[in-house]
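[1] Just need the structure, nothing else, for what follows:
(chains A and B)
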There are 2 protein chains.
Amino acid sequence: MVAIKRLNSADAGFTVALDELLAFEGAQDDRIEQTVAAILADVKKRGDAAVIEYTNRFDRLSAKSMAELELSRAELEAALASLPAERRAALEAAAARVRAYHEKQPLQGWQYEEADGTLLGQKVTPLDRVGLYVPGGKAAYPSSVLMNAIPAHVAGVGELIMVVPTPDGEHNKLVLAAAALAGVDRVFCIGGAQAVGALAYGTATVPQVDKIVGPGNAYVAAAKRRVFGIVGIDMVAGPSEILVVCDGSTDPDWVAMDLFSQAEHDELAQSILVCPDGAYLDRVAASIEKLLPTMPRRAVIEASLSGRGALIQVRDMEEACAIANRIAPEHLELSIADAEQWVPKIRHAGAIFIGPYTSESLGDYCAGPNHVLPTSGSARFSSPLGVYDFQKRSSLIRVSKTGAQTLGRIASTLAHGEGLPAHAKSAEFRLD
Amino acid sequence: MVAIKRLNSADAGFTVALDELLAFEGAQDDRIEQTVAAILADVKKRGDAAVIEYTNRFDRLSAKSMAELELSRAELEAALASLPAERRAALEAAAARVRAYHEKQPLQGWQYEEADGTLLGQKVTPLDRVGLYVPGGKAAYPSSVLMNAIPAHVAGVGELIMVVPTPDGEHNKLVLAAAALAGVDRVFCIGGAQAVGALAYGTATVPQVDKIVGPGNAYVAAAKRRVFGIVGIDMVAGPSEILVVCDGSTDPDWVAMDLFSQAEHDELAQSILVCPDGAYLDRVAASIEKLLPTMPRRAVIEASLSGRGALIQVRDMEEACAIANRIAPEHLELSIADAEQWVPKIRHAGAIFIGPYTSESLGDYCAGPNHVLPTSGSARFSSPLGVYDFQKRSSLIRVSKTGAQTLGRIASTLAHGEGLPAHAKSAEFRLD
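    Model (predicted):
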């Protein structure tokens, strides 16, 4: 028996139990913070030499120069050419769909002129240079390359620098093929805090970037948090999560497998099912028992489901949506016969998978939307990675001579109120 | 003589000298980090009691309960009613212009359906609850209240919680009046890391928010950086900066005063003038000498100009724009006769003030665009505060039964390639 938690919203201690289920503190580990701070300081000071040392130590390599850790365009193209036809076709199809979706996203500038000739607006420009972090280690993700690089490209970013650790020198051909396909400009086989430091500060070999995106482990997350401000970062990602809200009409095997697909990522991944029908929860539990032994990654799945998973019985679908908003999940499946009608009730979720045919895995790879999504409840305040993350805005203000008369008086009054007389005088100088 | 630095781009050491001029490391002070970490941990653990203790200690108060530190709606309204008519009118005019500009900004959701019935899109929702940090201390800024609260309101944020320290119990009527005008829901007279902690974790009295915005000192910046992930934050703000690019045609007194208006904020504020005409730089230097003795805040201005200011002679306007992009200034004045034609050359700036009548101070108060802008070169990767900072996106994916056949095969192939068999199986279950 998989010891997956059963909760019922009608129980007295439910709110507390739900809070406990969701409680997770990942990256704020003092030892990790100190290690990362030391690595970043060292990379900042010694550049390439430090990056090479840490890479050799942590990834068990023996590189003598950064040149050995950089892959050429030819190597990327060779990886793409070497793929079996079916894999290459799948990767190309996924890339095309991801590109098509993201082409709807770019921000547009705008401006308007007032009666007195004053012009106001917003100019939109792409970032000059972006660093893409692609995890190596336990699992290597070509799909991550597509999901990070394509929006940057669509935004018009000038140069894309990818970093990917290659522990024991093992390269993942699909990852390199994806980099070729997505038009990554340079690839360095480095990872961890040392890669984040190289991108943030720049070294003799690795160019300094303006923003670092992409998921990583606790060290990468801590490093990104520390360099935030020097460069931009996307979200600090936590473990992946899925919340399935089901009305009891979906094949329980499908739902069990959807929960597995999240659980197989990581022992800390979180899979939760919410349903008003207790008997249906029993059927899903039975499907879990039946299907688990068939899964190659069953140990990880079982650890994740018993440690962080839950089957939650609720009063009704209204309450299910309220719980979804409380959780603000990274992935939300509305596995409901009339799923569409519940979408307006959802305020917080990274991605909403509508209807029983929309398994999260389709979104992970090829539906089109980004799979880099806000985790750990951060969908309350943040968005999927998108083209907009690779653009920024500048305000445009052109005050006419006439406009300066009106605005100057207002500004002068308020500046005096704030005790900033030079502000006031600067406005007053423009008065007739 | 104000010892303001003179640089010339034709000099051999110019690039190094420019790097040195711009080098600034503010918030990463170990002592500050440790103090802030301790305060945050304490607020998280002890809630209101800790907030009250720190507030009493740092702001020299003797509050016994959080209730004493909260202002009622009536108190805010009274502050607004008590303003002299001219100030009130100026504040209302500024609020109206800021609102009109920001009403152009809201993100809109979108969706599209493919031939096989698959639907893709993006849903946009406002944040539920936002915390607004308003600095007290050296200077109190009613304009900050407008600039933070109005975009949140336009976005449709459910509840706005403002925190503002009141050292020695001194309330700023203009700040409270601005809060009344901008529709802030609750105001707590707390500041520093303890206020950031209260907003991020919530206490018995202060509701937990989803995002914290607004500028603050090094302690506030460090605290925001630490709680990032638990809540959203805007930028970690550094000292304010202005870069004036001038062709030599603007009254040198105007430019000198524009430099002062930045310098008067803070000894660490940075005012730089770039111009191809060396004789014009001499005239501005003479204006600085002439005008400085008339300024009430001359000590701060002189410290800022001599410590961090510069007059830079360049070859031509092209080079001036290249330097502007290198600096990526918070405020960029194009004080140029034909200013408009140079706007397309500017890639990185928080706000671009076009033409000699557009003094930065007009933008600070009432032109309409936000005055919360990316500092310390972060305009390379980030944007002015806006309505979009109070909204977030959720991806929408509804795969049809037919769509699941195509997408399922692609996803299955890629999932096997990534070694994630449950992902593959979840897609395969949906195949006929």
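[2] Please make it C-alpha for all contacts and neighbour counts, starting now.
    OK.
[3] And the strands in the stretch 101-250 of chain A, which stretches?
    Secondary structure of the stretch 101-250 of chain A (DSSP state E, counting those that start in this stretch): strands at A:110-113, A:119-126, A:129-133, A:159-163, A:186-188, A:211-213, A:232-233, A:241-246.
[4] Export these as CSV, with columns for distance to residue B:57, mean neighbour count and mean pLDDT.
    What follows is these, written out as CSV (distance: least, C-alpha to C-alpha, whole Å; neighbours: other C-alpha atoms under 10 Å in any protein chain shown; pLDDT from 0 to 100):
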stretch, distance to residue B:57, mean neighbour count, mean pLDDT
strand A:110-113, 48, 14, 97
strand A:119-126, 43, 22, 98
strand A:129-133, 44, 27, 97
strand A:159-163, 47, 24, 97
strand A:186-188, 50, 21, 97
strand A:211-213, 39, 26, 97
strand A:232-233, 35, 24, 92
strand A:241-246, 42, 26, 98
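[5] could I get the ones you listed as a markdown table with distance to residue B:410?
    A markdown table is the format used below for the strands of the stretch 101-250 of chain A (distance: least, C-alpha to C-alpha, whole Å):
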| stretch | distance to residue B:410 |
| --- | --- |
| strand A:110-113 | 39 |
| strand A:119-126 | 31 |
| strand A:129-133 | 24 |
| strand A:159-163 | 24 |
| strand A:186-188 | 26 |
| strand A:211-213 | 25 |
| strand A:232-233 | 30 |
| strand A:241-246 | 21 |
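[6] what separates residue A:53 from residue A:68, distance-wise?
    Applying C-alpha to C-alpha, to the nearest Å, the value for residue A:53 to residue A:68 is 13 Å.
[7] rewinding a little: make JSON lines from the strands of the stretch 101-250 of chain A and add distance to chain B to it.
    Formatted as JSON lines, those follow (distance: least, C-alpha to the nearest C-alpha, whole Å):
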{"stretch": "strand A:110-113", "distance to chain B": "9"}
{"stretch": "strand A:119-126", "distance to chain B": "6"}
{"stretch": "strand A:129-133", "distance to chain B": "9"}
{"stretch": "strand A:159-163", "distance to chain B": "14"}
{"stretch": "strand A:186-188", "distance to chain B": "19"}
{"stretch": "strand A:211-213", "distance to chain B": "6"}
{"stretch": "strand A:232-233", "distance to chain B": "6"}
{"stretch": "strand A:241-246", "distance to chain B": "13"}
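[8] For residue A:53 and residue A:68, indicate the residue with more neighbours.
    Each of residue A:53 and residue A:68 has its neighbours counted (other C-alpha atoms under 10 Å in any protein chain shown); residue A:53 has more, 18 against 12.
[9] element containing that one?
    Taking DSSP states H and E as the definition, residue A:53 sits inside helix A:48-59.
[10] In terms of secondary structure, what does that helix contact?
    helix A:30-46, helix A:192-201 (3 or more C-alpha pairs under 8 Å, 6 or more residues apart in numbering or on different chains; DSSP states H and E).
[11] how far is that helix from where the chain is centred?
    Mean C-alpha position of helix A:48-59 versus that of the full chain (C-alpha atoms, centre = their mean, to the nearest Å) differs by 26 Å.
[12] what's in contact with it?
    A:42-43, A:61-66, A:165-169, A:190-191, A:194-195, A:198, A:203-206 (C-alpha atoms under 8 Å, 6 or more residues apart in numbering or on different chains).
[13] Generate a ChimeraX selection restricted to the buried entries among these.
    One line in ChimeraX is enough to select the buried ones among the contacts of helix A:48-59; burial here means 16 or more other C-alpha atoms under 10 Å in any protein chain shown:
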select /A:42,43,61,66,165,166,167,190,191,194,195,198,203,206
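[14] Run through who's touching the following helix or strand past the helix holding residue A:53.
    Downstream of helix A:48-59, the next assigned helix or strand under DSSP H and E is strand A:70-71. Here strand A:70-71 makes contact (C-alpha under 8 Å, 6+ apart) with A:186-189.
[15] Counting neighbours, what do you get for residue A:277?
    Using other C-alpha under 10 Å: residue A:277 sits among 17 other residues.
[16] Show me what the residue nearest to residue A:195 when sequence neighbours are not counted is bridged to.
    In this structure, residue A:195 finds its nearest non-sequential neighbour in residue A:163, 6.7 Å apart by C-alpha to C-alpha, 6 or more residues apart in numbering or on different chains. Beta-bridge pairing of residue A:163 under DSSP bridges involves residue A:133, residue A:188.
[17] What residues does residue A:163 make contact with?
    Neighbours of residue A:163 in contact, by C-alpha under 8 Å, 6+ apart: A:131-134, A:187-191, A:195.
[18] Could you rerun that using 7 Å?
    A:132-134, A:187-191, A:195 (C-alpha atoms under 7 Å, 6 or more residues apart in numbering or on different chains).
[19] now swap in residue A:63 and tell me
    Applying C-alpha under 7 Å, 6+ apart, the residues near residue A:63 are A:52, A:56, A:69.
[20] how about a cut-off of 10 Å?
    Listed by C-alpha atoms under 10 Å, 6 or more residues apart in numbering or on different chains, the contact set of residue A:63 reads A:52-53, A:55-56, A:69, A:169.
[21] which of those residues sit farthest apart?
    A:53 and A:169 (14.6 Å; C-alpha to C-alpha).
[22] Can you give me the distance of residue A:5 to residue B:118?
    34 Å.
[23] Can you get me a residue count around residue A:23?
    Neighbours of residue A:23 (other C-alpha under 10 Å): 11.
[24] ok, it - contacts?
    Counted by C-alpha under 10 Å, 6+ apart, residue A:23 has contacts A:17, A:308, A:376.
[25] Mind pulling up the pLDDT for it?
    With respect to pLDDT, residue A:23 has a value of 86.
[26] Also residue A:238?
    pLDDT, read off for residue A:238, is 79.
[27] Roughly how far does it sit from residue A:216?
    9 Å.
[28] coming back round to it: who has more neighbours out of residue A:5 and residue B:118?
    Neighbours per residue (other C-alpha under 10 Å) separate residue A:5 from residue B:118, with residue B:118 holding more: 18 against 15.
[29] Just give the nearest non-adjacent residue to the more buried one, would you?
    Per C-alpha to C-alpha, 6+ apart, closest to residue B:118 is residue B:399, 4.5 Å.
[30] what about residue A:35, neighbour count?
    14.
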